[in-house]
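J.: only geometry, no sequence info:
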Ligand code: PMP
């Protein structure tokens, strides 16, 4: 009997034993093509020798030193690398161990910033429906997924949720993409006015939505309007790039493609590429300056912040993504993947939408392409696709069910950037087999 507390108590998953490039191999020797990088984590695949060597070298030198006593060369180097490539105005990096921790740190920093500048009434957070920002209580409260939130609602901070920018389902007939973007962005202003803007800390959103909708990018102009509204009411813009950041969409930070300047960015997943658990919160010089010129102390912290071995691994990852050209490869191979998906499923009667950027692609499955009618939730098509794909030797990330009254089945693809063209074909072929089996 296993003593591991599993994700699902009634299912015993295979034992993952070894990584080989884009594949995971289980204890029985079965190979699985990692079409979703787990959950958009494994951007370099599973056996990168340089990252592994960096981990070993750092662990031999110094595995860990607590940031209550020390900084470390790996943490300093990684912060320099990230800031060298970060959007304008972003100047400081706060390290954590994962995505939820990064979001928690962002929320607490936003709160402390307003305390430091003498605006203590600001305490509310606005985010979007059909969003996911993590599973710890602050991050869970920020996310707008009723199913995940409801059981824990009594434990949560106060948040409110506006519509996502979800072109496929949200845009009205005859409405231009630009007008739609302005309309949904303006919901932020309406919600601010309803709450009293002087009580609100921040708006939180993923530039490209991952875990709840499956690689949904914003329409042009959406985030520029969001920025204007944040500025007009003095609230901070927190962009959660835990899934879509670190080269995944074809630029190191996803928001680069939307011409938007965030105050705070959260990253994780691809930062450690799965080799080490690491996340980070990046903030503007203005926010840092308020702390530095005020109390001088961010009232937060975790034991493993700035973990030297994790930072050493992530530095190699960031170097490969930037100087090593892997972010460019995510963009170009992502286009190859998109073209292959469109060739295979562009006319498929049950694929309503194919979307995304770079190596971050989503398929929305529908009962009827013309009416966009979703499948009945009790068919749980997304789960059936996951199972059938796994049987065919492909890992893809399913999501679906009823999310805030909106039914839908989505498949997220977020493969390693090292994928070859032959592996793109293999991925699409296996997904096709899985769709046939699940929809039969
Ligand atoms: N934010 C986003 C956008 C995510 O996709 C996730 C994880 N799926 C998180 C936060 C939470 O990250 P973690 O699971 O590392 O805590």
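T.: That came through, no problem. Owing to the predicted nature of the structure, the values given are computational and were not obtained by experimental measurement. Numbering: from 1, shown residues only.

J.: OK, contacts around the residue in the stretch 251-400 of the chain positioned nearest to the ligand?
T.: The stretch 251-400 of the chain approaches the ligand most closely through residue 268 (4.7 Å), counting by C-beta to the nearest ligand atom. Bear in mind the C-beta positions are built from the backbone N, C-alpha and C, glycine included. Residues in contact with residue 268, defined by C-beta atoms under 8 Å, 6 or more residues apart in numbering, are 96, 98-99, 101-102, 242, 278-280.

J.: show me what residue of the protein gets nearest to the ligand.
T.: residue 99 (2.1 Å).

J.: sec struct for residue 245, please.
T.: coil (DSSP: H, G, I helix; E, B strand; the rest coil).

J.: next one: it, what pLDDT does it get?
T.: Here the pLDDT value assigned to residue 245 is 98.

J.: what is the burial count for it?
T.: Per other C-beta atoms under 10 Å, the neighbour tally for residue 245 reads 29.

J.: so what's the spatially most central residue of the chain closest to, chain neighbours aside?
T.: Centroid-nearest residue in the chain: residue 243, 1.8 Å away (criterion: C-alpha atoms, centre = their mean). Spatial nearest neighbour of residue 243, chain neighbours left out: residue 210 (3.5 Å); criterion: C-beta to C-beta, 6 or more residues apart in numbering.

J.: likewise residue 246?
T.: Per C-beta to C-beta, 6+ apart, closest to residue 246 is residue 270, 3.3 Å.

J.: show me what contacts the one you found?
T.: Contacts of residue 270 by C-beta under 8 Å, 6+ apart are 37, 40-41, 43, 245-248, 317, 321.

J.: in contact with the closest residue to residue 416 other than its chain neighbours, which residues?
T.: Nearest residue to residue 416, sequence neighbours excluded (C-beta to C-beta, 6+ apart): residue 45, at 4.1 Å. In this structure, residue 45 makes contact with 19, 21-22, 34, 416, 418, judged by C-beta under 8 Å, 6+ apart.

J.: what is the nearest of these to residue 303?
T.: Lowest distance from residue 303 to these (C-beta to C-beta) belongs to residue 19, with 27.4 Å.

J.: which strands border the strand or helix carrying that closest one, and is each parallel or antiparallel?
T.: Take DSSP states H and E as the rule and residue 19 turns out to sit in strand 16-20. Paired with strand 16-20 in the same sheet, following DSSP bridges, are strand 23-26 (antiparallel).

J.: give me the mean pLDDT for the partner strand.
T.: 98.

J.: helix or strand next in line after it, which one?
T.: By DSSP H and E, the next helix or strand past strand 23-26 is strand 31-34.

J.: got the residues of the stretch 151-300 of the chain near the ligand?
T.: 206, 210-211, 240, 242-243, 268 (C-beta under 6 Å from any ligand atom).

J.: so of those residues, which ones are in strands?
T.: Here DSSP state E is the test, and these give residue 240 as lying in strands.

J.: follow-up on the earlier one: so who does the residue of the chain closest to the ligand touch?
T.: Per C-beta under 8 Å, 6+ apart, neighbours of residue 99: 133-134, 139, 240, 242-243, 266, 268-269, 279.

J.: separation between it and residue 89?
T.: According to C-beta to C-beta, to the nearest Å, residue 99 and residue 89 sit 22 Å apart.

J.: returning to that earlier point: now tabulate the contacts of residue 45 in a markdown table and tack on neighbour count.
T.: Output for the contacts of residue 45, formatted as a markdown table (neighbours: other C-beta atoms under 10 Å):
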| residue | neighbour count |
| --- | --- |
| 19 | 18 |
| 21 | 16 |
| 22 | 26 |
| 34 | 26 |
| 416 | 29 |
| 418 | 21 |
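
J.: which one of those is nearest residue 440?
T.: Nearest to residue 440 out of the contacts of residue 45 is residue 34 (C-beta to C-beta; 25.3 Å).

J.: excluding chain neighbours, what is closest to the closest one?
T.: Closest to residue 34 by C-beta to C-beta, 6+ apart is residue 395, at 4.9 Å.

J.: I'd guessed that neighbour sits against residue 389; true?
T.: Yes: here residue 395 lies in contact with residue 389, judged by C-beta atoms under 8 Å, at a distance of 7.1 Å.

J.: which one of these two is surrounded by more residues?
T.: With neighbours defined as other C-beta under 10 Å, residue 395 and residue 389 compare such that residue 389 has more, 28 against 24.

J.: correct me, but that one touches residue 383?
T.: No: counting by C-beta under 8 Å, residue 383 is not a contact partner of residue 389; they are 10.7 Å apart.

J.: low-confidence ranges in the protein?
T.: The model of the chain has pLDDT under 70 over residues 401-406.

J.: tell me the buried residues in stretch 167-179?
T.: 167-171 (16 or more other C-beta atoms under 10 Å).

J.: which residues sit against it?
T.: 163-164, 180, 183-184, 216, 219-221, 352-353, 355, 364, 372, 406, 408.

J.: give me the contacts around stretch 51-61.
T.: 44, 74, 273, 275-276, 308-309, 312-313, 315-317.
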